Structure formats: structure tokens, C-alpha cells
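Visitor: what's the 3D shape of this:
(chains A and B)
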Amino acid sequence: MAEINHAIKGTGDVLPNDSHRWQFLEKTMLETARLYGFREIRVPVFEHTEVFSRNVGDTTDVVQKEMYTFDDKGGRSITLRPELTAGVIRSSIEHGLIYDALPQKVCYIGGCYRYEKPQAGRLREFHQFGVECIGAGNPSADAEVIALANQVLCDIGVKDISLEINSIGCPTCRKEYQKALKEYFNSHLDELCDTCKDRLERNPMRILDCKSPVCSEIAKNAPVVIDYLCDECNEHFSSVKKHLDSIGLKYTINPHIVRGLDYYTRTVFEFVSGSVGAQSTVCGGGRYDGLIGQMGGNPTPSLGFAMGIERLLLLLQNQKTELPPDKKCDIYIAPMGENASIKASMICAKLRKDGFEAQTDICGRGLKAQMKYADKIGASFSTVIGDNELETNKSVIKNMATGDTLEVSFDDISEKLFSLINESALESLTDSIYKNG
RNA sequence: GUGGAUGUAGCUUAGUUGGUUAAAGCGCCGGUUUGUGGCACCGGAGACCGUGGGUUCAAGUCCCAUCUUCCACCCCA
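Guide: Okay, the predicted model is just below:
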């Protein structure tokens, strides 16, 4: 396949037969978020590189190896957003949202870009839905955001996911903890795998979720963050749990959930599933009370989450969850001859104005071929226009599923089609009720 | 970045120890009285066999490189 006919590695197309699945997810996400008061924010796909690099810090691979960074024609260093939080916060500071009535509740859907090696549930261009709740430091905010994530996942039909939460404390208690953690792993240095020996300096908390059996055995007895929380953080965490309990949201405490970045504080959470291969996290979120101050805004407690749309679609597919089917063509109009074709265009125009999906021949095909086409596109109804119809101003509408026909005048075709569609919808509804008892 | 698997019409695949014009099913287009789709039958279009080298009289088939896709590791904001 020539390069020009091939999408870039790690990117994909959403084809016409699939786009309704995306639309269903997006619509559900935005509507559910709205129930909690979150309104959509749209921010650029690229930002000054510093928007991302300053927050991440340049210690990890992340900045050097995994960002799409380039110089634009004006010599500015530009980066395609690897996630949306940084851009949303930049925008919130720039436009003074953080100095307006708090909390500011915003949500977003958009493409993100990471230069990674693709595998199951991991692409170079992928899409995230997420929310940021800016200016709410109370534990009830944590519970509300987690509840929203849970409801979104339920509303789109995801099954068998579990919520895991943890608290990673504030910078002060985390310092104590990391010290204890390093000491512990240092005492087992010889037993650790090579990558974990590396991690000990760079990112000791990551040893906790190493997949090597030896390391995870050692990690079992490692010090736990929660034991090192200061009084305030401890209180915050128990209040979050209380709130979750009160709304009946089940969770498990997973002391191994960690975040690499310094601005994260207190609550972190993930929704995980076993149905997407090695990339089991379907939604990740947490509190980042340090971020806005770090970016130059007035320090403002905030939290949010993000979920990967491709990963969710993969999960739904693996779970064989049926999403609402795509809407089909309402009526196909098959003209025979030039005059009929003009009449068909006029009727289509009228029907479309009245809100119906109406299609007619634009390939100059014969009647038989047109009927086949109407069948292929799943048209609910069809009608033929020839010389007779032009003369009488009437035609026969055919129900493609049942074969039933009904003669209608072109003058009130919209009204007739409307009642025909409702009738057949009602029939299939009673059918399915009958079938399902 | 590391490792394993992979690549033949739009899709799913067949193709013998290297041997002539690379095959099938599905899909697509058309036809089987120019007034009716699904079924059946007939016909047609569509592949530089991922790409570039090499071995050979001869490569879809063997060798090397490279890329893609898939899966796992690293990483995961």
C-alpha cells in the first residue's frame, strides 16, 4: 500500500458505519456531565511546549520521548497536547475562570497525542473525555467527581468495572513516605528486577505496580502511603470514603495507585477492567491542588478525571454490549426517467425540510438497481416515481420490511410518512415486548 | 526504545519441494422482458502478492533490510 493511502502509525479512522458509536458515547458523556453541572470547554490541540513540560518536569521519559514537539515557522516550540488537563488549566487561568465564582465545572472531549508504541488500547492519536472541577477542595467534591465518572461509565453500558481509590497525601506527607519506601526497597535491592533497580532512584512508587512476581511479592510488604498521611490528608480521605459510602458507590482501596507528578495531591482513583488487554485502566483521575499555583495562578484546589474513548469502545466491543443502532434512511425515492428525477428531487427537498432522511438516485441507475440500493442502505420505506405518478400526483409507499404498500398524494407525503414511521416503530416495539415477555 | 507474531483484490483467506495468463468466498457493478429490493442464476471490474535489495534461467514462495498491523515489555501526564 502506498504511503499516501495509509494512515500514520498509531492513528485510525472512524468510518461511516462506526461513527454513530462515537456519537452515542460523546452525547452521553456530555449530557451526563451536564447533570452534575459540568459545561464543555474547548481548548487548542497544541500549546506552547512549556504548558506541558513545566508541569511534568523533565525527569521522566515522558517529555523527552513521548511528546509530539516541534518548532513552528516562527521558531516557537509547540507541542501537540498529550492530555487535556494542562491546556484546560492554562485557559482557566488566562481567562480568569479561577477568579470567578467557584467551583468552575468544565468538561471536554478531544484528541490527544503521544509518541508511544501502539498496542491494545493504546494509540498515538487517541481521544479523551474528561472533567475538571476547579476550586473545590472539599472531600464532597472528590466524591461528586468520582460519582460522575461512574455514572458516565454506567450510562454508556460498561459492565464489570471496579473503582479503586487511594490517597497520595500532600507534598509534606509524601516526602516522609517516599523516604520510607526507598529505605524499604533498598533493603531488598538485590532481589529486585533490573528495571526496578532503575526505578528506585527515578520513581520508587512505580515499583509498587511492577509485574515481576518477585517485585510484587516484595511490594506486598512495602510501606503504604495511607499510613504516612498527615492529619489533614487523613481526615480528607476518610471523608471522601464516607461520602462514597453514603451514595452507595463500591470501591476498594488500592495503595499501589500512584501518580508520577508532583502536583497531584490526596485522592487518586481509577476505574479498571479486565477486558482491554494490558491497558486495564479505563478512567483515571485525582486531585491536583498544586497544579494551578505551579502554573502561576492563585493556588486553587481542583480535581478531575479523564477516560479514553477508544479504550471504552474496545471494552464495549469485547463485552459484546449493543449500542443503540445507527438511524437508517427513512425513505428512498426511485425515479424512472428525467422528469421523474426532477420530481424526486423536489419531493426529497420537501421531506428533508420536514426532517426526514430522504434519498433518491444520483447515479442514473435503473429501477431494479435502485431498489437494491434502497435495500442495502436499509431504507425503511421506498416509492417509485414514473409517468403514472407524475400524472396522478400520487405514488405508492412501500414498507421495505413488511412489503405493505399505501397510496399517498405527493401533497401530504410528509404527514403520511410520519404516521407510517410511527406505526412501524410501534409495531416493532410491541413485537419486542411480546418476545421479551 | 526492547521482544514475539504478521502482511496475497475493499474484506476473509487458498497458493504444493521456487516453474507459464495468482485462485476462491463475501462485498461492489451490471444482466436474467424499462414498474419494484432480499433468493437464485449469468457476466464484469478489481492485486505491480507491504516496500527495496539479493540468490536463481525462473521468486507470492528462499535470503537480507525496511515499513505496517497485532500482542507484550519499558513508560503511562
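
Visitor: how many neighbouring residues does A:Asn203 have?
Guide: 14 (other Cβ atoms under 10 Å). C-beta here means a position set from N, CA and C on the backbone, and glycine is covered the same way.

Visitor: correction: the previous question concerned A:Ser302.
Guide: Using other Cβ under 10 Å: A:Ser302 sits among 30 other residues.

Visitor: show me what contacts it?
Guide: Counting by Cβ atoms under 8 Å, 6 or more residues apart in numbering, A:Ser302 touches A:Ile89, A:Glu132, A:Cys133, A:Ile134, A:Gly135, A:Ala136, A:Arg287, A:Tyr288, A:Asp289, A:Leu291, A:Ile292.

Visitor: check the gap between it and RNA strand B for me.
Guide: According to Cβ to the nearest atom of the strand, to the nearest Å, A:Ser302 stands 13 Å off from RNA strand B.

Visitor: list phi and psi for that residue.
Guide: Main-chain dihedrals, A:Ser302, degrees, to the nearest 10: phi -150, psi 160.

Visitor: beta partners of it?
Guide: Beta bridges link A:Ser302 to A:Ile134, judged by DSSP bridges.

Visitor: domain ranges for chain A?
Guide: For chain A, automatic domain parsing gives the domain ranges A:3-170+A:230-318, A:331-435.

Visitor: show me the contacts for the residue lying farthest from the centre of chain A.
Guide: In chain A, A:Glu391 marks the outermost C-alpha relative to the chain mean, sitting 53.6 Å out by Cα atoms, centre = their mean. The contact partners of A:Glu391, by Cβ under 8 Å, 6+ apart, come to none.

Visitor: quick one: name whatever helix or strand follows the helix or strand harbouring it.
Guide: In this assignment (DSSP states H and E), A:Glu391 forms part of helix A:387-392. Using DSSP H and E, the helix or strand that directly follows helix A:387-392 along the chain is strand A:394-399.

Visitor: thinking again about what came up before, sitting in strands, which of the contacts of A:Ser302 do you find?
Guide: Judged by DSSP state E, the contacts of A:Ser302 include A:Glu132, A:Cys133, A:Ile134, A:Arg287 as members of strands.

Visitor: same for RNA strand B: which of the residues you listed are within range?
Guide: Among the ones in strands among the contacts of A:Ser302, not one lies near RNA strand B by Cβ under 7 Å from any atom of the strand.

Visitor: and those, which are buried?
Guide: Buried residues within the ones in strands among the contacts of A:Ser302, counting neighbours by 16 or more other Cβ atoms under 10 Å: A:Glu132, A:Cys133, A:Ile134, A:Arg287.

Visitor: now do the SS call for the residue nearest to A:Ala219 when sequence neighbours are not counted.
Guide: Distances taken as Cβ to Cβ, 6 or more residues apart in numbering place A:Leu208 nearest to A:Ala219, at 4.9 Å, with adjacent residues excluded. Three-state assignment for A:Leu208 (DSSP: H, G, I helix; E, B strand; the rest coil): helix.

Visitor: contacts only, for A:Leu208.
Guide: A:Ala219, A:Ala222, A:Pro255, A:His256, A:Val258.

Visitor: what segments of the stretch 201-350 of chain A are strands?
Guide: Under the criterion DSSP state E, counting those that start in this stretch, strands of the stretch 201-350 of chain A are mapped to A:252-253, A:265-272, A:281-287, A:302-308, A:331-335.

Visitor: which residues sit against the first one?
Guide: When you say that, I think you mean strand A:252-253. A:Ser162, A:Leu163, A:Glu164, A:Ile165, A:Asn166, A:Ile226.

Visitor: if we can go back for a sec, the strands of the stretch 201-350 of chain A: which one's closest to A:Thr28?
Guide: strand A:302-308 (11.9 Å; Cβ to Cβ).

Visitor: got the angle between that closest one and strand A:265-272?
Guide: Put simply, strand A:302-308 runs at 20 degrees to strand A:265-272, going by axes from the mean of the first three to the mean of the last three Cα atoms, to 10 degrees.

Visitor: centre of the chain to strand A:302-308, how far?
Guide: 11 Å (Cα atoms, centre = their mean, to the nearest Å).

Visitor: touching, A:Val384 and A:Val396? I think so.
Guide: Yes: when contacts are counted by Cβ atoms under 8 Å, A:Val384 is listed as touching A:Val396 (7.2 Å).

Visitor: bridged to A:Ile253, which residues?
Guide: Assessed by DSSP bridges, A:Ile253 has beta-bridge partners A:Ile165.

Visitor: what's around it, how many residues?
Guide: A count of nearby residues for A:Ile253, using other Cβ under 10 Å, gives 13.

Visitor: and it, what's its pLDDT?
Guide: The per-residue pLDDT reported for A:Ile253 equals 96.

Visitor: against A:Glu26, how distant is it?
Guide: According to Cβ to Cβ, to the nearest Å, A:Ile253 and A:Glu26 sit 32 Å apart.

Visitor: same check on A:Ile98?
Guide: From A:Ile98 over to A:Glu26 the distance is 27 Å, taken as Cβ to Cβ.

Visitor: confidence-wise, which helix or strand of chain A is lowest on average?
Guide: When the helices and strands of chain A are scored by mean pLDDT, DSSP states H and E, helix A:61-66 comes last with a mean of 76.

Visitor: residues in the stretch 51-200 of chain A within reach of RNA strand B, list them.
Guide: Taking Cβ under 7 Å from any atom of the strand as the contact definition, the stretch 51-200 of chain A meets RNA strand B at A:52, A:56, A:60-63, A:66-67, A:82-83, A:85, A:114, A:116-121, A:195, A:198-199.

Visitor: show me which of those residues are buried.
Guide: Buried by 16+ other Cβ under 10 Å: A:Phe52, A:Val56, A:Val62, A:Val63, A:Glu66, A:Met67, A:Pro82, A:Glu83, A:Thr85, A:Arg114, A:Gly121, A:Arg199, out of these.

Visitor: fine by me, we can end here.
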